[in-house]
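Visitor: Would you be able to build a 3D model of this:
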Amino acid sequence: MDILLLIFGLLLMFLGVIGSFLPILPGPPISWLGLLLLYLTKAIPNDWVFLGITFVIAIVVFVLDYIIPAIGTKKFGGSKAGVIGTTIGLIVALVFPILGVFGIILWPFVGALVGELLNKADQKTALKAAFGSFLGFLTGTFLKFLVGIIFFGLFISKAWVYKEALFPYFN
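Guide: Residues are numbered from 1 along each chain as shown. Prediction:
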């Protein structure tokens with residue numbers, strides 16, 4: 001049973017990191033579920049304080065991911081259309097990965113710009129607002145990715161420390 005929990009936990013860790021970039025998947029909470037599954041194994045002692053702290057971090061980052069782009073957009077004079085355009089741009093980048101990693105940066109910005117232009121903003125205002133929306137998006141994505149990688153590192157670290165207990169047949 002421990003091996004199954006470990007495998008599902010590892011899968012959730014990968015999904016959590018991928019969820020840092022996909023707006024459909026809540027990356028940090030999924031990564032936290034991976035940590036929870038690891039701690040539910042019999043091989044690893046329960047640490048409810050650690051799980052509680054990491055849970056709070058996952059939820060705070062999840063909430064901030066919705067707040068940060070709005071703050072960036074408002075700070076630069078944008079509208080909700082810019083935020084929606086950024087998300088649509090990200091989806092376009094993921095569905096049509098023509099430009100590779102560069103597309104993940106370019107398309108959300110283009111989406112924010114188009115969203116602002118459709119919202120009847122002049123070009124200068126739209127460009128400034130698109131930049132703010134894009135900056136907020138990048139900040140939120142970086143924060144989610146950072147938390148996902150840290151949680152993944154904690155997962156691997158804890159599994160490594162208790163590898164003999166997790167894999168007793170391989171000793």
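
Visitor: hey, which helix is longest across the protein?
Guide: Counting residues, the longest helix found in the chain (DSSP state H) is helix 123-161.

Visitor: helices and strands around that helix, which ones?
Guide: helix 2-18, helix 27-39, helix 48-75, helix 80-95, helix 101-118 (3 or more Cβ pairs under 8 Å, 6 or more residues apart in numbering; DSSP states H and E). Where you see a C-beta, it was placed from the backbone N, CA and C, and this is true even at glycine.

Visitor: most tightly surrounded among these?
Guide: Mean neighbours per residue, mean count of other Cβ atoms under 10 Å, is largest over the helices and strands packed on helix 123-161 for helix 27-39, with a mean of 23.

Visitor: Which strands or helices does that one pack on?
Guide: Here helix 27-39 touches helix 2-18, helix 48-75, helix 123-161, going by 3+ Cβ pairs under 8 Å, 6+ apart.

Visitor: Switch the ones you listed over to CSV; also include distance to residue 41.
Guide: Listed next are these as CSV, based on distance: least, Cβ to Cβ, whole Å:
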stretch, distance to residue 41
helix 2-18, 4
helix 48-75, 13
helix 123-161, 9
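
Visitor: okay, these in CSV with distance to residue 83 and mean pLDDT next?
Guide: Output for those, formatted as CSV (distance: least, Cβ to Cβ, whole Å; pLDDT from 0 to 100):
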stretch, distance to residue 83, mean pLDDT
helix 2-18, 22, 95
helix 48-75, 5, 88
helix 123-161, 5, 90
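
Visitor: Next, the angle from the longest helix of the chain to helix 27-39.
Guide: Orientation note: helix 123-161 sits at an angle of 10 degrees relative to helix 27-39 (axes from the mean of the first three to the mean of the last three Cα atoms, to 10 degrees).

Visitor: avg pLDDT for the very next helix or strand once past helix 123-161?
Guide: As assigned by DSSP states H and E, the chain's next helix or strand after helix 123-161 is helix 163-166. Regarding helix 163-166, the rounded mean pLDDT is 88.

Visitor: Please enumerate residues in contact with helix 163-166?
Guide: For helix 163-166, the surrounding residues in contact (Cβ atoms under 8 Å, 6 or more residues apart in numbering) are 2, 3, 6, 41, 42, 43, 44, 159, 171.

Visitor: at 7 Å what do you get?
Guide: Contact partners of helix 163-166, identified using Cβ atoms under 7 Å, 6 or more residues apart in numbering, comprise 2, 6, 41, 43, 159, 171.

Visitor: ok, so of the residues you listed, who is nearest residue 75?
Guide: residue 159 (41.4 Å; Cβ to Cβ).

Visitor: Hmm, the closest one is touching residue 38, no?
Guide: Yes. With contacts counted by Cβ atoms under 7 Å, residue 159 reaches residue 38, the gap being 6.4 Å.
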